[in-house]
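Trainee: What follows is a predicted protein model with its sequence.
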Amino acid sequence: MLDIPTMAELSAQGKMPEVLLWVGCAGSFDERAKRIVRSFAQLLIKAKVSFAVLGTEEGCTGDPAKRAGNEFLFQMQAMANIETLNSYGITRIVTACPHCFNTLKNEYPALGGNYEVMHHTELLKALIAEGRLTIEGGSFKGKKIVFHDPCYLGRANGVYNAPREVLSTLEADLIEMKRHKARAMCCGAGGAQMFKESERGTGEINVARTEQALEVKADIIATGCPFCHIMMSDGLKAKQKEGQVKVYDVAELLAENNGKESK
């Protein structure tokens, strides 16, 4: 178990962390996504970063409600979170979920929530550059790793290089799908395909995206989003490639390369 303090605990001690780790709904309730957050937390601890979580005070950012067109519910959820964040004087937030990242960064300011929001690959990149986080070992030496660009990280916010620069620290062969960066194909989760059946005649978009990764003969599909992780994993199951090709979050790859188990 990781001993991560809550903001309530630190506040009671008169302390302020360097950054607040926003766990998100996936990281809180999905078993696979929980492992991603734990891997990232392990890296923060290794880099001696002071951080905390909100714990039970963290609510959904409101992203699903916003994208579904329920502006009223979104604003209720957002304003509740903003009240909590502002009460603690939070200024810096990091999250492993691009959906949370996009909403906190771009939707909250209009409601009074002004924070420096980072995707976890951006913070990892900075920690490596500052020498606070050193990447050791060669667990993935000789492996072909391809990065799938999450829509809300890439096209929505222009973050393309950070995850790739972090992956470049591994002793692996980084390759690209034909459609990558600004031309990357959505896995389907950003378009809510994760929560419903596909439209008649369209096929499963996550399977189509997975096929593009298989075309370049990747051993590992790296992601930077818990929802992309689920969609690409399901795509491998559909293609009967589960076990032959694996899906990892960028943080998991770094944590495992440093001797931390993420499986």
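Mentor: Thanks, I have it.
Trainee: all contacts plus neighbour counts: C-alpha atoms, from now on.
Mentor: Fine.
Trainee: Could you confirm Phe74 falls within a helix?
Mentor: Yes - membership of Phe74 in a helix is supported by DSSP: H, G, I helix; E, B strand; the rest coil.
Trainee: Now do the same for it: its pLDDT.
Mentor: Listed pLDDT for Phe74 reads 97.
Trainee: In the protein, what residue spans correspond to strands?
Mentor: Assigned by DSSP state E, the strands in the chain fall at 19-22, 51-52, 92-95, 116-119, 144-147, 173-175, 220-223, 246-249.
Trainee: Any idea how far the third one is from the middle of the chain?
Mentor: With Cα atoms, centre = their mean, to the nearest Å as the basis, strand 92-95 stands 11 Å off its chain's centre.
Trainee: partner strands of it, parallel or antiparallel?
Mentor: Within its sheet, strand 92-95 is paired with strand 19-22 (parallel), strand 116-119 (parallel), according to DSSP bridges.
Trainee: Please apply the same query to the shortest one.
Mentor: Taking DSSP bridges as the criterion, strand 51-52 pairs within the sheet with strand 19-22 (parallel).
Trainee: Quick check: which of the strands paired with strand 92-95 is buried the most?
Mentor: The highest average neighbour count among those, using mean count of other Cα atoms under 10 Å, belongs to strand 19-22 at a mean of 23.
Trainee: What are the contacting residues of that strand?
Mentor: Residues outside strand 19-22 that contact it (Cα atoms under 8 Å, 6 or more residues apart in numbering) are 50-54, 58, 90-96.
Trainee: Mind checking which of those residues are buried?
Mentor: Buried members of the contacts of strand 19-22, scored by 16 or more other Cα atoms under 10 Å, are 51-54, 58, 90-91, 93-96.
Trainee: Identify, from those residues, the entry nearest to Cys25.
Mentor: Nearest to Cys25 out of the buried ones among the contacts of strand 19-22 is Glu58 (Cα to Cα; 9.1 Å).
Trainee: For the closest one, which non-adjacent residue is spatially closest?
Mentor: Leaving aside its chain neighbours, Glu58 sits nearest to Asn81 (6.8 Å; criterion: Cα to Cα, 6 or more residues apart in numbering).
Trainee: returning to that earlier point: in TSV, list the strands paired with strand 92-95 along with distance to Gln244 and mean pLDDT.
Mentor: Below are the strands paired with strand 92-95 laid out as TSV (distance: least, Cα to Cα, whole Å; pLDDT from 0 to 100):
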stretch	distance to Gln244	mean pLDDT
strand 19-22	32	98
strand 116-119	29	98
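Trainee: could you dump these to TSV with distance to Met7?
Mentor: Below are those laid out as TSV (distance: least, Cα to Cα, whole Å):
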stretch	distance to Met7
strand 19-22	8
strand 116-119	17
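Trainee: With respect to Arg32, which of the ones you listed lies nearest?
Mentor: With Cα to Cα as the criterion, Arg32 lies closest to strand 19-22 of the strands paired with strand 92-95, at 16.6 Å.
Trainee: Brilliant, that's me finished.
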